[in-house]
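S.K.: Sequence and predicted structure below; questions after.
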Amino acid sequence: MAKIKTVEVGQGLIPEGHYVFKVDDVDDSKYEDFGKITINLITKDGKKFSERFTLLKADGKLNEGAQKAWSFWVGIILNQWGAGESDTDDLIGKYLEADVVHKESDQINEKTGKAYVNANLENIKSADGFDGAEDEKPMVDSDEDDDLDDLDDL
């Protein structure tokens, strides 16, 4: 019998509940070409959630619904409304709180025959930090690449 070390592979869908999130990163690398932005959020205990915005339609025209959603999110995260323009870097390190709710999609997975389940945020509002302490760091293993090197030691 062989003992084989396993590694962390992700957590899947974030469980339903009330969370305080920190904006961990804003990926705007696809904004110029495709109008896409992703806000990556993390909880104090390392649970992750991503909110994606497609600000341009396929024909290159402005997606007004997504623009309004983006403006709403920026307003909440920065706790300022009507700024007119925002720098995505200004969002990083800010906090928000929200309820995670699971909703079944109308789309059916062809392999399982079951509806897809999406995690959505509701009741979103600004927050000052994880339980009031802004400088706390989420509990995340920051050197994931190093974990893979541990396999070489076996």
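M.R.: Arrived safely, thanks for sending.
S.K.: Can you report the mean pLDDT over the residues of stretch 98-116?
M.R.: Across stretch 98-116, the average pLDDT comes to 93.
S.K.: no, scratch that, I was asking about stretch 12-24
M.R.: 94.
S.K.: what sits up against it?
M.R.: 39-44, 47-49, 77, 91-102, 117, 119, 127, 129-131, 138 (CB atoms under 8 Å, 6 or more residues apart in numbering). In this view, the C-beta of every residue, glycine as well, is placed from N, C-alpha and C.
S.K.: where's it relative to the chain centroid, distance-wise?
M.R.: Here stretch 12-24 is found 8 Å from its chain centre; the criterion is CA atoms, centre = their mean, to the nearest Å.
S.K.: quick one: buried residues of it?
M.R.: For stretch 12-24, the neighbour count (16 or more other CB atoms under 10 Å) marks Ile14, Tyr19, Val20, Phe21, Lys22, Val23, Asp24 as buried.
S.K.: Stretch 109-127 too?
M.R.: Leu121, Ile124, Ala127.
S.K.: Ok, stretch 86-95 next?
M.R.: Across stretch 86-95, burial judged by 16+ other CB under 10 Å covers Ser86, Leu91, Lys94, Tyr95.
S.K.: As CSV, the buried residues of stretch 109-127 with secondary structure and pLDDT would be great.
M.R.: Supplementary listing: these in CSV, determined by DSSP: H, G, I helix; E, B strand; the rest coil; pLDDT from 0 to 100:
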residue, secondary structure, pLDDT
Leu121, strand, 95
Ile124, strand, 95
Ala127, strand, 94
